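S.K.: let me see the structure of the following:
(chains A, B, C and D)
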There are 4 protein chains.
Amino acid sequence: MSWNTFGRVFRFTTWGESHGPALGVVVDGCPPGIALSEIDIQPYLDARKPGQSKYTTQRREADEVRILSGVFEGRTTGTPISLMIENTDQRSKDYSEVAKAYRPGHADYTYDAKYGFRDYRGGGRSSARETAARVAAGAIARLVIPEVSITAWVEQIGDVALDYARFDRDAIRNNPFFCPDPETVTRWEDLVDSARKSGSSLGALVTAHAEGVPAGWGAPIYAKLDSELAAAMMTINATKGVEIGDGFAAVTNTGETNADPMRPGADGGVEFQANHAGGIAGGISTGQPVTCRVAFKPTSSILTPVDTITSEGEATQIQTKGRHDPCVGIRGVPVVEAMMALVLADQKLLHRAQCG
Amino acid sequence: MSWNTFGRVFRFTTWGESHGPALGVVVDGCPPGIALSEIDIQPYLDARKPGQSKYTTQRREADEVRILSGVFEGRTTGTPISLMIENTDQRSKDYSEVAKAYRPGHADYTYDAKYGFRDYRGGGRSSARETAARVAAGAIARLVIPEVSITAWVEQIGDVALDYARFDRDAIRNNPFFCPDPETVTRWEDLVDSARKSGSSLGALVTAHAEGVPAGWGAPIYAKLDSELAAAMMTINATKGVEIGDGFAAVTNTGETNADPMRPGADGGVEFQANHAGGIAGGISTGQPVTCRVAFKPTSSILTPVDTITSEGEATQIQTKGRHDPCVGIRGVPVVEAMMALVLADQKLLHRAQCG
Amino acid sequence: MSWNTFGRVFRFTTWGESHGPALGVVVDGCPPGIALSEIDIQPYLDARKPGQSKYTTQRREADEVRILSGVFEGRTTGTPISLMIENTDQRSKDYSEVAKAYRPGHADYTYDAKYGFRDYRGGGRSSARETAARVAAGAIARLVIPEVSITAWVEQIGDVALDYARFDRDAIRNNPFFCPDPETVTRWEDLVDSARKSGSSLGALVTAHAEGVPAGWGAPIYAKLDSELAAAMMTINATKGVEIGDGFAAVTNTGETNADPMRPGADGGVEFQANHAGGIAGGISTGQPVTCRVAFKPTSSILTPVDTITSEGEATQIQTKGRHDPCVGIRGVPVVEAMMALVLADQKLLHRAQCG
Amino acid sequence: MSWNTFGRVFRFTTWGESHGPALGVVVDGCPPGIALSEIDIQPYLDARKPGQSKYTTQRREADEVRILSGVFEGRTTGTPISLMIENTDQRSKDYSEVAKAYRPGHADYTYDAKYGFRDYRGGGRSSARETAARVAAGAIARLVIPEVSITAWVEQIGDVALDYARFDRDAIRNNPFFCPDPETVTRWEDLVDSARKSGSSLGALVTAHAEGVPAGWGAPIYAKLDSELAAAMMTINATKGVEIGDGFAAVTNTGETNADPMRPGADGGVEFQANHAGGIAGGISTGQPVTCRVAFKPTSSILTPVDTITSEGEATQIQTKGRHDPCVGIRGVPVVEAMMALVLADQKLLHRAQCG
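M.R.: Take a look at the predicted model:
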């Protein structure tokens, strides 16, 4: 059972609503003795933070994280690590209309259908604000897997994809789009700004790579590494698809074009001649980079009025007036990275539980 | 923790290898009082069974299921239901070469990397034969959700997609491809037969629909319905991607084109004017059909020799000689259906646990 | 997997150390729509609170609970409920000696053996202060099972047992010992005060009854009601034994004297003529009161020097100087009640998950 | 969630009813590479087997175990190990009366109350026959913890306790009572035979010791070693109480008499001067022997008619005619040992998951 907990050995439980006093996460099962303080976590939260450019929501949150337990004299003790982030810029007044009518594409209707009522302020629990808690947990997960380096970026916004020929990893953190292709940045600026001004929104494709994952992580059959990654990514707000390696393109591969031939590696290991598999075979890591791609839908918050119903079931229209992301996938990048770190940390510990 | 167990309330645990004496599944948490006998399960196993046409592997298995516990006087008792299927057509002799060299794309190398050695006969535990156990469990899951009707089909093989204008649900069970478009069947026959003859293999795209799912199933944040479906599908052998609703196509939608507007329904309910979301919003079912699409890679078993290494790390080549599916995605259809049923049964019980 | 989480459907995760800034609990899986505010929780914390009489530790904590999430407009939303209690009276200076030497009977040595080091301030995570978080969670659990009434009391301190002939339920909350027999109170006052003055400590026996539990709760085989209760009670600090119904006395019963004969009840139900079983048969509630008894050892913190070793392995002696409970079992009463409520709430939801 | 699964890393799932065709267990999470065949398991099943003396039930079962998966070339592969035991001596005719009336003290009434109906043949799922599956799993668990030696014995039957001054470990397997005191055997022969002849039944006290458990196993707060042991023992049929170390006797200890002083050990380690704690402090093993004691009630199956009701709610009487154990605690010994092994194997793997 999980509800709001993810992970098997390295586990985290998030809590908090968009407009409550705070949100947080309890990280449990973390190995003891790892150096940890707030400055190991804060940079990741800062990367995810809203209000940093005109291309994201104008809500401004300090997103300052505080460690409340599980660390003593600068090191993890092996007991639960409680992290808290206070909400500071909630404007509940923006959401009065949402209380009465359902925003199509949002969780308004389904939360009511499930729970009988809902905290309508800013989407309540269904707000992407919950992902701040995961990003904080993900920062700890990274410390559990120092052998692994995880990088995610935006590959496409709307119908404008980057050009991998110009891929520059160092560029990713130097623009508001997490774009590794500086020339594409200009095009996305126009695209996203135009959507923002017209009150429209755009989808995005986010790619993540993990390098340094040794062969052997992943727990068949029902905790396979690819299955865990898929589950993790699909818990992120606005995601609609996930693929590993060639993913959907593998449908048109043949056995020959899809092969990842092997040959002896430099130091007695193995060298793969391709990575169509995305670093996973049979649900277990191969030692190659683990790659996955995540599809984000355009946020459903748009200025154009959309047909909907009130909570009493009457026809009406709704348009979004609050502060929103014109392309929510952009801020998905730090969340995708965090989820990948969280899955890999969990799988590392899970592997050593069974295989020593 | 799960290893070989899936589900939270309605849980199943599979066991068995390709060339062991038998394989099976224990279904736990099934509600009591449900009429159940082998004839409720056998038809689904028969649909998945190999050796039924020249388009699938020529291994011939009776796949006869036997209920060993959990049923009394024709009804489930609420105690664990143990199902067993004996293996009858194992030809271990085919796999002698595999013992020594790794088949790229298979789990040979990764199982060795993880566990130190492996049962090499027919892929051992990593064989798609394990899916027979899930299909059996899935048949029971369907009985737990009689309100839901699940159908899956092949949408594309290699680069040949069906034409939805000719969609005929009744056709699906009348051809060896689970194809709902009779005119496409002929083209796939040629395509798959050609791949089979040349010892090549093909990828496939499988689509699944669940109708009758009421609004409210799905457990945010970490047991969201879409997350559970993604995890479930990605545990199936040879899957590389999964998407819900518009999935990756949502990347190029705008907020306007991606909207699923709502209006009052006939009987006081709601009527959606589109289903880009695939029947899930905020991780909870909307009451619309739940739709998902799964990408299967071409099986890695091909006649063309592929570079690889021996278990001692020396360069060699390997080509497949045993019986294999030229397009493993075809037989994935009953498995995709089973996993969807298993996820939905679990979510139904999970929902009533919390919400009554 | 659980580490710091307990429960299957109604789950809670505690965090926090004795001398950290705060401690807390996240309650997950709580049904939506239940009226809840801090005043539903605070009285239970107040009952457990230290420093209320000279018979308990003199540490003074306000133990004010704050709800940080999961409640909207006074009702539970079905999302995680985060509760926080700030620590206010930590005197870390008392614990300098403990940093260097292991207190026998405490978790000092074993935490070091397990985790490599420990937060030695006030026992860190192993402090009974953690139980405040459970008591808070237990208050919510009670609201999930309004049909059940739970009462616990101290039955024996050291070798002085109460006399059940004088049992008065109303007396329990009117003395510092949770004693239902007013005449025994005086004897315990002398006994505990004497132990306190001499720097010694005493064990205690705590009994708990739950009335109103309907027949049918409990999930064989590995989530039986008695097994869950035993697990729950044995997680409480200083507990060494647990029994259900007649418990260890059943060893000397015969089948005849141990029988709970049944006869038709007033309203078509059943009436039991005895309750040796403690309201549980086959791991499932019978509809009778569920009874259990918990043994608390004397706290290991005593003024008499005890042989021990330093963390460097050298022989030394240690005596306790900080503030401690002369009889920790007394303050165990609200914790035992809370754990019983938490188990029963979980089992109620678990039962309806499977059986509707 | 668990239902019929126990364990966190080393997990097992049992299935099967007393009078079904077979019963079995799936062991999951077992480390790979462990030598295993049926002969490692069978002796433990033989020790538990009924019908071996006149002091246990006369049902005769071969209890032959068969490994169906998870082992290749004599070693565990890391995949699920499926074990099956066929039922051969079911006499369903003995239980016709039980179908109509509830046996007090058995699970007849509660299974009906929970599930709506029940498999009444031999108690169905609630039969102690289920414990054969655990004993089989326990044999594998022992192989996971070769450093640990586990021994259990009967300490008391009815009101006749053994004399520890005559304790002889080698005697345990040489009498039908698992009694380490040969002189007490004669007294128990008379006692149990007398109960058998008069159709009565007796309770028993079973003690278990585990030697060789290193310091550091146990996972605070909610997977403490003592909590796990208590849960495990209380899932065994007919158990009513469990205690660790001094257990209930600790209530009358003082802090001084309950202390386990420490001094430097021979090889740089620690030496404890007593073991009141039963080898567990703060939920973590201390390195001393882990000791626990389990109370078994007298079986409720007696020849004396007992008042009860029919499933239609009418008054009647019932007396037992089938084959039953006059003292079910005796055959509990191999089960207690198995559960201890299963808990310790799980905790060993759990410990290395977090702490390496």
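S.K.: quickly check: stretch A:204-216 near chain B or not.
M.R.: Yes. Using C-beta under 8 Å from any C-beta of the partner chain, stretch A:204-216 reaches chain B at A:204-205, A:215-216. Glycine gets a C-beta too; all of them are placed from N, C-alpha and C.
S.K.: most neighbours, which of the residues you listed?
M.R.: residue A:204 (29 neighbours; other C-beta atoms under 10 Å in any protein chain shown).
S.K.: so, low pLDDT: which residues of the stretch 51-200 of chain A?
M.R.: A:90-94 (pLDDT under 70).
S.K.: that one: strands as residue ranges?
M.R.: For the stretch 51-200 of chain A, the strands defined by DSSP state E, counting those that start in this stretch occupy A:65-67, A:71-72, A:75-76, A:81-86, A:149-157, A:160-161.
S.K.: make a markdown table from the ones you listed and add mean neighbour count to it.
M.R.: Formatted as a markdown table, those follow (neighbours: other C-beta atoms under 10 Å in any protein chain shown):
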| stretch | mean neighbour count |
| --- | --- |
| strand A:65-67 | 21 |
| strand A:71-72 | 22 |
| strand A:75-76 | 20 |
| strand A:81-86 | 25 |
| strand A:149-157 | 22 |
| strand A:160-161 | 14 |
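S.K.: figure out which of those is closest to residue B:44.
M.R.: Closest approach to residue B:44 among those (C-beta to C-beta): strand A:149-157, 39.0 Å.
S.K.: show me what the closest one pairs with in its sheet, parallel or antiparallel.
M.R.: strand A:160-161 (antiparallel), strand A:204-211 (antiparallel) (DSSP bridges).
S.K.: what ranges does the stretch 201-350 of chain A have for its strands?
M.R.: Using DSSP E, counting those that start in this stretch, the strands of the stretch 201-350 of chain A run over residues A:204-211, A:239-244, A:262-264, A:270-272, A:280-281, A:284-285, A:290-296, A:306-309, A:315-318.
S.K.: what parts of the stretch 251-356 of chain A come near chain D?
M.R.: A:349-350, A:352-356.
S.K.: in the stretch 1-150 of chain A, which residue sits nearest chain B?
M.R.: residue A:107 (2.4 Å; C-beta to the nearest C-beta).
S.K.: now the helices for the stretch 51-200 of chain A?
M.R.: A:96-100, A:108-115, A:131-144, A:182-197 (DSSP state H, counting those that start in this stretch).
S.K.: let me know which of those is tucked in deepest.
M.R.: helix A:131-144 (a mean of 26; mean count of other C-beta atoms under 10 Å in any protein chain shown).
S.K.: which parts of the stretch 51-200 of chain A sit against chain D?
M.R.: A:78-79.
S.K.: and the end-to-end length of stretch A:220-229?
M.R.: Length of stretch A:220-229, first residue to last, C-alpha to C-alpha, to the nearest Å: 13 Å.
S.K.: ok, it near chain C or not?
M.R.: No. Remark: stretch A:220-229 sits outside contact range of chain C, by C-beta under 8 Å from any C-beta, the gap being at least 11.1 Å.
S.K.: check contacts around the residue of the stretch 1-150 of chain A closest to chain B.
M.R.: Contact partners of residue A:107, counting by C-beta atoms under 8 Å, 6 or more residues apart in numbering or on different chains, are A:118, A:123, A:126, B:220, B:281-284.
S.K.: residue A:2 too?
M.R.: B:8, B:219, B:222-223.
S.K.: which of these fall within helices?
M.R.: Among the contacts of residue A:2, none falls in helices (DSSP state H).
S.K.: next, count neighbours for residue A:58.
M.R.: So residue A:58, with other C-beta under 10 Å, has 14 neighbours.
S.K.: for it, give its distance to residue A:131.
M.R.: 18 Å (C-beta to C-beta, to the nearest Å).
S.K.: what do you get for residue A:343?
M.R.: 15 Å.
S.K.: what does residue A:338 give?
M.R.: From residue A:338 to residue A:131 the distance is 8 Å (C-beta to C-beta).
S.K.: residues in contact with stretch A:65-75?
M.R.: Applying C-beta under 8 Å, 6+ apart, the set of residues contacting stretch A:65-75 is A:27, A:30, A:32-38, A:41-42, A:45, A:76-85, A:136, C:15-17, C:20-24, C:117-119, C:121, C:124-125.
S.K.: now, of those residues, which are buried?
M.R.: The neighbour count (16 or more other C-beta atoms under 10 Å in any protein chain shown) marks A:27, A:30, A:32, A:34, A:36, A:41-42, A:45, A:76-85, A:136, C:15-17, C:20-24, C:118-119, C:121, C:124-125 as buried among these.
S.K.: can you tell me the element residue A:40 falls in?
M.R.: Element membership of residue A:40 [criterion: DSSP states H and E] is helix A:38-48.
S.K.: quick check, the residue in the stretch 51-200 of chain A closest to chain D?
M.R.: residue A:78 (6.3 Å).
S.K.: check contacts around that residue.
M.R.: A:30-33, A:70, C:114-115, D:354-355.
S.K.: bridging residues for the spatially closest residue to residue A:156 that is not a sequence neighbour?
M.R.: Among residues not flanking residue A:156 along the chain, residue A:205 sits closest, at 4.0 Å (C-beta to C-beta, 6 or more residues apart in numbering or on different chains). For residue A:205, the beta-bridge partners under DSSP bridges are residue A:156, residue A:295.
S.K.: so residue A:205 touches residue A:159, yeah?
M.R.: No. Applying C-beta atoms under 8 Å, one finds residue A:205 not in contact with residue A:159, separated by 10.4 Å.
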